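*Asks:* model this:
(2 chains)
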Amino acid sequence: MSKGRFGQHGGQYIPETLMNAVIELEEAYNKYKDDPSFNQELQELLNEYAGRPSRLYYAKHMTEDLGGAKVYLKREDLNHTGAHKINNVIGQCLLAKKMGKTRVIAETGAGQHGVATATVAALMGMECEIFMGAVDCERQALNVYRMRLLGAKVHPVTSGTATLKDAVSETMREWTKRIDDTHYVLGSVMGPHPFPTIVRDFQAVISKEIKEQMLYKEGRLPDAVLACVGGGSNAIGAFYHFINDEGVRLIGCEAAGRGIDTKETAATLNTGKLGIFHGMKSYFCQDEYGQIAPVYSISAGLDYPGIGPEHAMLYDEGRAEYVAVTDDEAVDAFEYLSKTEGIIPAIESAHAVAHAMKIVPTMSKDQIVVINISGRGDKDVAAIARYRGEDIHE
Amino acid sequence: MNKRIPEAFGNGKAFIPFITCGDPDLETTELLVYEMEKAGADIIELGIPFSDPTAEGPVIQEANIRALSNGITTDDILAMVSRIRQKAQVPLVFMTYANVVYSYGIQRFMKRAAEVGMDGLILPDVPFEEKKEFQVAADAEGLAFISLIAPTSHDRIRRIAKEADGFVYCVSSLGVTGTRSEITTDIQSMVRLVKEEQDIPCAVGFGISTPQQAKQMANQSDGAIVGSAIVKICAQYGRECVPYVSEYVKNMKEAVRA
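*Replies:* Okay, here's the model as predicted:
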């Protein structure tokens, strides 16, 4: 069996041209991951620049209103750049610098990962190019401008469905063109080995903090941790340090779009099947001949036809549950959290809030759930207004 | 071990054209195979379209989209090859992506491909490390699982060459498929490393479009592979493309043999 496997999933399904690049990356990562000075530098950036640790906030009004389990929110939305993406980007850019790379490239869906990459590239003095589906550039126009403001070059991708999957394909193509000085900052726990492992390790700080904070506040572990899942980086980050704690339910919330019984969905584990794409074996939304499906979700960040290989393994093992949440439910949750707690979540994170709203009332008052608020919702406000029929443009 | 492919390199330098099946339609693809064989093609690469071809440049990406929007499926293509095999002898290899084969069922795909008369296949997203589950099934059906080497392969070339079957596909330059004005890679050294491990033909592809480039690449190896330049002609002339492609193949073949 090849390297980087999570059960039957993972691997390195990429063109020969890139093989030495991922091997070089793996060697560098293995060298630095336990290096005290690398970790000190990383920790300092996470604390002083990104603003970690992020808060674990007791959502009192939501708890009272739902009338069941106690609800805590992990506030990744409070990080610098407004999402969990910065955790991984700081780690990868630091690693790229150590490897002598001077240029970073990245894909982005909602723009959160692109903004984070452009931000850290600016901080570290690296050249930065971002690939973003042309449809997403339109949905998230403000983020496109933000990336340019940070000094990055943004390439709208018009191939295929012009969304996240095409941005990933185009960034891979770009990497095969220019490897020597360039690192591909992959934004999720997907792609060829070693990316799913590297990204997971850099995001695992989320569950490490939740655990410490929960033990401090409640003296015990939560009963459930909920997170939205596209590729799955915030979810694996929120799950990772609880995987061996069997009493903690791990619930990934996929984007059902207009419903898992329609074609307009992005719920990979609820509708997909086993396949090989974007460097990995995992589950993908596809037709009977293996053509990747043109998925849909209101959320540009969850609008991806695959899921990271470690999630695929947790699904196979039954260790984590993966539920589907529709656009309508996510928009309701977006508005609900804004009104009840004064916190506007990213529409991605609102998928996890929506599922919490279903299960929390069925749980007892001495139980605890944690929802990972992976990002803030400022970027979504205009789109949600339009969804509700108001003619607002940024 | 597939014999027909190495034999195709037996009459001097080889010319290997690529077309995307179903672009613009399967009837035209079938005619293209007959005419390219007549024009001197030594092996023909048949692309099975994939929705997200990550190793292709814009020209072949668009051909994939045209073919898929015509509703072309893997089964349609296998049926077409079976018709082609009544009339054409030229060795045929599929070029497609891992998921097309995987979703069909690897063994089922290899069995069907061998039954209809294919000689091998190329999967650009299956490198040395991942090839086993595909190669074992291909070997069992007498299909050559063709390996690629790239300008970045360096120390990997020997390992890949040792286990290569059919021919070795030498990727001429960094990046994706598509025409290039200049190819600067030291092809000769790559080919030499391969031959030190195994006496197997090496053909060069990616970026070749002109007779001069084809000649230059074939001089340093055993043949030249051309895709995007031909697919461009198909895109330009649609169903009328056959005589233009045939003429192009004839010129390229003359160039590699000269």
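
*Asks:* did I read that right, residue A:12 in a helix?
*Replies:* No. Per DSSP: H, G, I helix; E, B strand; the rest coil, residue A:12 lies outside any helix segment and is strand.

*Asks:* List the residues that contact the residue nearest to it when sequence neighbours are not counted.
*Replies:* Once flanking residues are discounted, residue A:12 sits nearest to residue A:192: 4.3 Å by Cβ to Cβ, 6 or more residues apart in numbering or on different chains. In this view, the C-beta of every residue, glycine as well, is placed from N, C-alpha and C. Going by Cβ atoms under 8 Å, 6 or more residues apart in numbering or on different chains, residue A:192 touches A:4, A:11, A:12, A:13, A:14, A:18, A:22, A:279, A:280.

*Asks:* Longest strand of the chain, counting residues only.
*Replies:* No chain specified, so I'll use chain A. Longest strand in chain A by number of residues (criterion: DSSP state E): strand A:249-257.

*Asks:* right idea, wrong chain: chain B
*Replies:* Max-length strand for chain B by DSSP E is strand B:14-20.

*Asks:* Please indicate which of the contacts of residue A:192 are buried?
*Replies:* A:4, A:11, A:12, A:13, A:14, A:18, A:22, A:279, A:280 (16 or more other Cβ atoms under 10 Å in any protein chain shown).

*Asks:* what number of residues lie near the nearest residue to residue B:140 once chain neighbours are set aside?
*Replies:* Nearest residue to residue B:140, sequence neighbours excluded (Cβ to Cβ, 6+ apart): residue B:110, at 6.9 Å. Residue B:110: 25 surrounding residues under other Cβ atoms under 10 Å in any protein chain shown.

*Asks:* secondary structure element for residue B:94?
*Replies:* Taking DSSP states H and E as the definition, one finds residue B:94 inside strand B:92-95.

*Asks:* ok, the residue nearest to residue B:140 touching residue B:142?
*Replies:* No. Residue B:110 is beyond contact range of residue B:142, at 9.2 Å (criterion: Cβ atoms under 8 Å).

*Asks:* Show the subsequent helix or strand relative to the strand holding residue B:94.
*Replies:* helix B:98-104.

*Asks:* Which residues are in contact with residue A:385?
*Replies:* Going by Cβ under 8 Å, 6+ apart, residue A:385 touches residue A:392.

*Asks:* so how far is chain A from the residue nearest to residue B:140?
*Replies:* Separation of residue B:110 from chain A (Cβ to the nearest Cβ, to the nearest Å): 15 Å.

*Asks:* tell me the SS of that residue?
*Replies:* helix.

*Asks:* Could you do residue B:55 as well?
*Replies:* coil.

*Asks:* So what does residue A:40 look like in phi/psi?
*Replies:* With angles defined as degrees, to the nearest 10, residue A:40 sits at phi -70, psi -40.

*Asks:* ok, for the residue in chain B positioned nearest to chain A, nearest residue in space, not its chain neighbours?
*Replies:* Going by Cβ to the nearest Cβ, chain A is nearest to residue B:103 of chain B, at 2.9 Å. With Cβ to Cβ, 6+ apart as the criterion, residue B:103 has its nearest non-adjacent residue at 2.9 Å, and that residue is residue A:290.

*Asks:* Helix or strand: which one has the one you found?
*Replies:* Going by DSSP H and E, residue A:290 is not in any helix or strand.

*Asks:* list the contacts for it?
*Replies:* Under the criterion of Cβ under 8 Å, 6+ apart, the neighbours of residue A:290 are A:275, B:50, B:74, B:99, B:100, B:101, B:102, B:103, B:104.

*Asks:* hang on, the first one in a helix?
*Replies:* No. Residue A:275: not assigned to a helix; according to three-state DSSP it is strand.

*Asks:* how much space between the closest residue to it other than its chain neighbours and residue B:137?
*Replies:* Excluding the flanking residues, the one nearest residue A:275 by Cβ to Cβ, 6+ apart is residue A:284, at 4.2 Å. If you measure residue A:284 against residue B:137 using Cβ to Cβ, to the nearest Å, the figure is 21 Å.

*Asks:* of the two, who's got more company?
*Replies:* residue A:284 (27 against 19).

*Asks:* That one against residue A:272, yeah?
*Replies:* Yes. Between residue A:284 and residue A:272 there is a contact at 5.1 Å, judged by Cβ under 8 Å.

*Asks:* Need the overlap of contacts for the two.
*Replies:* The contact sets of residue A:284 and residue A:272 overlap at A:293, A:305, A:306 (Cβ under 8 Å, 6+ apart).

*Asks:* Find the nearest non-adjacent residue to residue B:56, please.
*Replies:* residue B:177 (4.9 Å).

*Asks:* Could you report the neighbour count for that neighbour?
*Replies:* When neighbours are defined as other Cβ under 10 Å, residue B:177 has 25 of them.

*Asks:* isn't it right up against residue B:59?
*Replies:* Yes. Residue B:177 lies in contact with residue B:59 (Cβ under 8 Å); the separation is 7.4 Å.

*Asks:* Contacts only, for residue B:224.
*Replies:* Counting by Cβ under 8 Å, 6+ apart, residue B:224 has contacts B:13-16, B:203-205, B:208, B:213-215, B:217-218, B:252, B:256.

*Asks:* Now name the helix or strand holding it.
*Replies:* strand B:223-226.

*Asks:* Each with direction, which strands does that strand pair with?
*Replies:* strand B:14-20 (parallel), strand B:202-205 (parallel) (DSSP bridges).

*Asks:* May I see these arranged in CSV, with distance to residue A:224 and mean neighbour count as well?
*Replies:* What follows is the strands paired with strand B:223-226, written out as CSV (distance: least, Cβ to Cβ, whole Å; neighbours: other Cβ atoms under 10 Å in any protein chain shown):
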stretch, distance to residue A:224, mean neighbour count
strand B:14-20, 49, 27
strand B:202-205, 53, 26
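
*Asks:* For those strands, give me CSV that also has mean pLDDT and distance to residue B:128.
*Replies:* Formatted as CSV, the strands paired with strand B:223-226 follow (pLDDT from 0 to 100; distance: least, Cβ to Cβ, whole Å):
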stretch, mean pLDDT, distance to residue B:128
strand B:14-20, 98, 22
strand B:202-205, 97, 16
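
*Asks:* Quick one: closest of those strands to residue A:100.
*Replies:* Nearest to residue A:100 among the strands paired with strand B:223-226 is strand B:202-205; the distance by Cβ to Cβ comes to 30.5 Å.

*Asks:* and residue A:374, how far is that from chain B?
*Replies:* From residue A:374 over to chain B (counting by Cβ to the nearest Cβ), the distance is 26 Å.

*Asks:* which one is that residue nearest to, not counting chain neighbours?
*Replies:* Closest residue to residue A:374 in three dimensions, ignoring its sequence neighbours and counting by Cβ to Cβ, 6+ apart: residue A:234, at 3.7 Å.

*Asks:* now do residue B:25
*Replies:* Using Cβ to Cβ, 6+ apart, the closest residue to residue B:25 is residue B:70 (6.1 Å).

*Asks:* who's in contact with that neighbour?
*Replies:* By Cβ under 8 Å, 6+ apart, the contact list for residue B:70 reads B:22, B:24, B:25.
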